[in-house]
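**Student:** dropping a prediction and its sequence here:
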Amino acid sequence: MTVKTIITEPNKMLRQISKTVDRVGKQEQNIMNDMMDTMYEANGIGLAAIQIGVPKRIIVIDISKEEGKKNPMYFVNPVIKNKDSLKATYEEGCLSVPDQFAEIDRPRKCEVEYLDYNGDKQLLKADGLFATCIQHEMDHLEGILFIDYLSKLKRSMIIKKLSKLKSNTAIL
Ligand code: ZN
């Protein structure tokens, strides 16, 4: 298990559409382990494989708040089956869009079909923060970031800020 580098915006890779996983095997489980380690290390509650440079339809989530009570969840090829017409608003951030936050509206409930860590098919109902988190991570699989829901002006300001930050940073 390895903590990987998280790719940050602007980066073309984050705009890629991730590929369906044919089969959940050892290799995919290793990716999931690395993703979970990377997410915990960065204090995130969700991560998509593309954020560590792997264009596969895999996301990991742990929204448990209490220290020492982990609840890691793994989703392979997630598909939203149903979503609520009512919206919920959360202030979102993203490990690939460092230090930027914005209020985003999303369906407040959703039903997701996916393969779990062992490759078994699961159907899960999510609401609240969990529903928002799943939808945010699933957007990554389509190359969408939460800042894409903002006005063009707001989004370009954020991207400019991040580019500047990048050019001033030497990661050694
Ligand atoms: Zn994100």
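**Tutor:** That came through fine.

**Student:** neighbours of Gln122, how many?
**Tutor:** Gln122 has 15 neighbouring residues, counting by other Cβ atoms under 10 Å. Placement of C-beta: from N, CA and C, glycine included.

**Student:** quick check: it is in a helix.
**Tutor:** No: going by DSSP: H, G, I helix; E, B strand; the rest coil, the assignment for Gln122 is strand, not a helix.

**Student:** quick one: it and Val79 touch, right?
**Tutor:** No: the pair Gln122 / Val79 is not scored as a contact, 11.2 Å apart, by Cβ atoms under 8 Å.

**Student:** give me the common contacts of these two.
**Tutor:** Taking Cβ atoms under 8 Å, 6 or more residues apart in numbering as the criterion, Gln122 and Val79 both touch Glu113, Tyr114.

**Student:** secondary structure class of the spatially closest residue to Asp148 that is not a sequence neighbour, three-state.
**Tutor:** Closest residue in space to Asp148, ignoring its immediate chain neighbours: Arg155 at 6.7 Å, by Cβ to Cβ, 6 or more residues apart in numbering. Following three-state DSSP, the label given to Arg155 is helix.

**Student:** now do Arg155 against Leu162, distance only.
**Tutor:** Arg155 is 11 Å from Leu162, where distance means Cβ to Cβ, to the nearest Å.

**Student:** can you check Gly25 too?
**Tutor:** Separation of Gly25 from Leu162 (Cβ to Cβ) stands at 36 Å.
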